[in-house]
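Trainee: what follows is a predicted protein model with its sequence.
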Amino acid sequence: MRSQLMTVVLAAAVAAGSLTAPAVSQAEDGPRYSSWEDYCHHQKKKGQHTGAVLGAIAGAVIGSNVAGHGNKTGGAVVGAAAGAAVGANVGREMGKAKCDNRGAYWSRDDTYDYGDRHYYREGGRHSDRWYQRRNCRWAQEYDGSYVRVCPDSRGYYRFEP
């Protein structure tokens, strides 16, 4: 029983690792992105990697249990590979949260009133009055800073320099 569990875990790790190997670990202070497109791409990849790992584990367990006596290792390996592939596809789609073909966005609930000076930062392409007239708000950026976001035609709040 113990060796079967080790086989399942090893098969899942190998299958998931083969799909996630290209991922480069980030520095402790978090990843740095050069644009919102990079951020959205990272979110998509992060979901893909998580899905691959979880799918590989589930696939290995299922494959091992479905395989006939004496074929548990092969079942775990095949199940892990299939589970990793399916999980990666599901995870990639789920990783698109808060991003669409126009980039990153926030809902109103994710933002803060523009008049709240706690989030204020100097600069901006337009005057404060311009942002206020357009019902712009503050949103926390992926790196922890705050940015001006303004509603688009669908009601999503998008970055406005």
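Mentor: On my side now, so go ahead.

Trainee: how much space between the nearest residue in space to Tyr156 that is not next to it in sequence and Gly91?
Mentor: Nearest non-adjacent residue to Tyr156, counting by CB to CB, 6 or more residues apart in numbering: Tyr105, 3.9 Å away. Just so you know, the C-beta spots here come from the backbone N, C-alpha and C atoms, and that holds for glycine as well. Look at Tyr105 and Gly91: by CB to CB, to the nearest Å, they are 21 Å apart.

Trainee: can you tell me the closest non-neighbouring residue to Tyr112?
Mentor: Trp138 (4.3 Å).

Trainee: which pLDDT does the model give that neighbour?
Mentor: Trp138 carries a pLDDT value of 92.

Trainee: which residues of the chain fall in helices?
Mentor: With DSSP state H as the criterion, the chain has helices at 2-20, 36-66, 72-94, 128-133.

Trainee: for the second one, buried residues please.
Mentor: In this case it means helix 36-66. Residues of helix 36-66 classed as buried: 36, 39-40, 42-64 (neighbour count, 16 or more other CB atoms under 10 Å).
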